[in-house]
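*Asks:* Below are the sequence and a predicted model for it; my questions follow.
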Amino acid sequence: MHALPPGSLRLVHLSDTHLLRDGGLHQGVVDTGAALDRVLVEADRVPHVRLLVGSGDLSEDGTPESYALLRDRLVPWTSSRGAALVLSPGNHDVRSGFRLVLGDGHGGPGADDGRDPAAVPPIDGVTIVDGWRIVTLDTSVPGKGYGALREQQLDALRELLATAAEHGTVLVLHHPPVPAPTTLHESLALQGPERLAEIVRGSDVRVILSGHYHHHIVGSLAGVPVLVAPGVANETDVAADPGTERIVRGSGFLVVDVRPDGGVTSVVVRAHADDDGDEVAVLDAELVQRIIHASGAPALP
């Protein structure tokens, strides 16, 4: 990959690592630690990286030990390259465990305020990298799978974006503000994306980075590109029978270049393994509906 024009930012965007405290197997099948290691080996080949973004579902079990496994892989990788590291929670993450080990996800110290895990407020943050403002918004809803933004978060974002950054803003949130590819993910989508659209429209937000769908998707919100990273842990088969959810092996990440003139370029890099495409699990329509009932967004009146 070639060098970038002055003022540009190249970042590695990965998502949905789903690490477990004991290095256990996700879905009883996938070694997610090994998958992350393969991704980082591939990312080693990418030059001029100034930022690594992890857009949620970093842990499967929400334990401090799982976040320590993540930290101990990503911090050396970014430090050796002089790159920044920015992490944001997803619906599988537990805020108390995340905050204890990863702080605000922007390099701050870990913290334990002693509160009940369900009472820990959203973990948002801001980092400046080479004149680019990197903003994370925690869309997780404790105990649920769908995403939402509180009014306080939206108000804070509106106030922040009232002043433009030197080159522009990169917004990171786990739940994508674009339509979902499957019935299950549709029920676990971000609620009220139009409220976010009102804020980013006409602002200096150049790109929105998300995860959650375990499949690379490109969309837009209020004219701003939305890039959904492929999963590190596995991939969603978006061509599975309607109403079902099929999960297959596969890992990848995005390399995203953002330019001050507003241009955005993204490429997918796969971390290949011999068993890519092998079936991990199939959730039939009945099981999907049970998950939707337990973890999906509440039905509108």
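*Replies:* Yep, it's here.
*Asks:* Only C-alpha atoms from now on, for both contacts and neighbour counts.
*Replies:* OK.
*Asks:* What's the per-residue pLDDT of the residue lying closest to Pro109 once chain neighbours are set aside here?
*Replies:* Closest residue in space to Pro109, ignoring its immediate chain neighbours: Gly103 at 5.1 Å, by Cα to Cα, 6 or more residues apart in numbering. We have a pLDDT of 96 for Gly103.
*Asks:* Repeat that for the one 5 residues further on.
*Replies:* The predicted local distance difference test score for Gly108 is 84.
*Asks:* on that earlier part again, distance check, the residue nearest to Pro109 against Asp237.
*Replies:* Applying Cα to Cα, to the nearest Å, the value for Gly103 to Asp237 is 34 Å.
*Asks:* just Gly62 next, same as before
*Replies:* Taking Cα to Cα, one finds Gly62 at 25 Å from Asp237.
*Asks:* what's the answer for Ser266, then?
*Replies:* Distance, Ser266 to Asp237, by Cα to Cα: 21 Å.
*Asks:* out of those two, which sits in the busier spot?
*Replies:* Shown here are Ser266 and Asp237; by other Cα atoms under 10 Å, Asp237 has more neighbours (20 against 16).
*Asks:* so who does that one touch?
*Replies:* Neighbouring residues of Asp237 by Cα atoms under 8 Å, 6 or more residues apart in numbering: Glu245, Arg246, Ile247, Val248.
*Asks:* try it again with 10 Å
*Replies:* 181-182, 214-215, 244-249, 277, 279, 282 (Cα atoms under 10 Å, 6 or more residues apart in numbering).
*Asks:* Just the buried ones out of these, please.
*Replies:* By neighbour count, with 16 or more other Cα atoms under 10 Å, those hold Pro181, Thr182, His214, His215, Thr244, Glu245, Arg246, Ile247, Val248, Arg249, Glu279 as buried.
*Asks:* for stretch 142-161, which positions count as buried?
*Replies:* For stretch 142-161, a neighbour-count test (16+ other Cα under 10 Å) marks Pro142, Lys144, Gly145, Tyr146, Gly147, Ala148, Leu149, Gln153, Leu154, Leu157, Arg158, Leu161 as buried.
*Asks:* try stretch 116-130
*Replies:* Applying 16+ other Cα under 10 Å to stretch 116-130 flags Val120, Pro122, Ile123, Asp124, Gly125, Val126, Thr127 as buried.
*Asks:* just these now: which is nearest Leu190?
*Replies:* Checking these against Leu190 by Cα to Cα gives Pro122 as the nearest, at 14.9 Å.
*Asks:* before we move on, what SS does that closest one have?
*Replies:* coil (DSSP: H, G, I helix; E, B strand; the rest coil).
*Asks:* Report the residue spans of the stretch 101-250 of the chain with pLDDT below the cut-off.
*Replies:* 113-115, 117 (pLDDT under 70).
*Asks:* Strands of the stretch 1-150 of the chain, residue ranges please.
*Replies:* Along the stretch 1-150 of the chain, counting by DSSP state E, counting those that start in this stretch, strands occupy 9-14, 25-26, 30-31, 51-54, 84-87, 125-129, 132-137.
*Asks:* Redo those strands as JSON lines? Include distance to Val205.
*Replies:* Output for these, formatted as JSON lines (distance: least, Cα to Cα, whole Å):
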{"stretch": "strand 9-14", "distance to Val205": "14"}
{"stretch": "strand 25-26", "distance to Val205": "34"}
{"stretch": "strand 30-31", "distance to Val205": "36"}
{"stretch": "strand 51-54", "distance to Val205": "16"}
{"stretch": "strand 84-87", "distance to Val205": "17"}
{"stretch": "strand 125-129", "distance to Val205": "13"}
{"stretch": "strand 132-137", "distance to Val205": "9"}
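*Asks:* do you know which of those lies nearest Leu173?
*Replies:* Closest of the strands of the stretch 1-150 of the chain to Leu173 is strand 132-137, at 5.2 Å (criterion: Cα to Cα).
*Asks:* angle of that closest one against strand 125-129?
*Replies:* 160 degrees (axes from the mean of the first three to the mean of the last three Cα atoms, to 10 degrees).
*Asks:* Strand 132-137: how far from the chain's middle?
*Replies:* 13 Å (Cα atoms, centre = their mean, to the nearest Å).
*Asks:* helices or strands up against it?
*Replies:* If contacts are counted by 3 or more Cα pairs under 10 Å, 6 or more residues apart in numbering; DSSP states H and E, strand 132-137 sits against strand 51-54, strand 84-87, strand 125-129, helix 151-161, strand 168-173, strand 205-210.
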